[in-house]
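Asker: Sequence isn't available, so here's the structure alone:
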């Protein structure tokens, strides 16, 4: 594992435009790689952080080969209840990406300003100096939730 690319993996994302979820799931299940569902479906919640100029967002939209994104992620049906949040920094270099993850103390999203709340949690997590310096220049820009399903091929890849 490279220190620049922790948890290395290659990801491919596809837009299934013009197809229903049922059609997409049927194609996944009938694929020659024999995909099977390995975890129950769950709700993923995120607060994405970006610079005031939205550098990470623009890099993503423009398809920059070398880019990063920073988010606080947690799982659960109630997005306002944040029991086991993780600060994640995802780094992408071409088709290869990696992720650093740091546990944060629990908190609640209650309609107040997220920035001071998150800064407090970052302080409590005792993150390393360089990461803390980076976070000082970022602000919450998006809170989202979605359902995710997990599949694995027969060969485990």
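Answerer: Looks like it arrived, so ask away. Keep in mind that what you see is a predicted model, and the values were worked out from it rather than measured. Numbers count the residues shown, from 1 in each chain.
Asker: how about residue 66, what does it touch?
Answerer: 92-94 (Cβ atoms under 8 Å, 6 or more residues apart in numbering). C-beta: built from backbone N, CA, C; applies to glycine.
Asker: My error: substitute residue 13 in the last question.
Answerer: Per Cβ under 8 Å, 6+ apart, neighbours of residue 13: none.
Asker: roughly how far apart are it and residue 134?
Answerer: Going from residue 13 to residue 134 by Cβ to Cβ, to the nearest Å gives 25 Å.
Asker: coming back round to it: can you list which of the contacts of residue 66 are found in strands?
Answerer: With DSSP state E as the criterion, strands contain 92-93 from among the contacts of residue 66.
Asker: Show the buried residues in the contacts of residue 66.
Answerer: Buried by 16 or more other Cβ atoms under 10 Å: residue 92, out of those.
Asker: Sort the contacts of residue 66 by pLDDT and name the bottom one.
Answerer: When the contacts of residue 66 are sorted by pLDDT, the bottom entry is residue 94 at 85.
Asker: Could you check how far that residue is from residue 70?
Answerer: Applying Cβ to Cβ to residue 94 and residue 70 gives a distance of 20 Å.
Asker: next one: residue 110
Answerer: 22 Å.
Asker: okay, the two: which has more neighbours?
Answerer: The neighbour count for residue 110 versus residue 70, taken as other Cβ atoms under 10 Å, is higher for residue 70 (19 against 8).
Asker: how near is the residue located most distally from the centre of the chain to residue 152?
Answerer: What lies farthest from the middle of the chain is residue 32; by Cα atoms, centre = their mean that is 28.5 Å. To residue 152, residue 32 is 14 Å away according to Cβ to Cβ.
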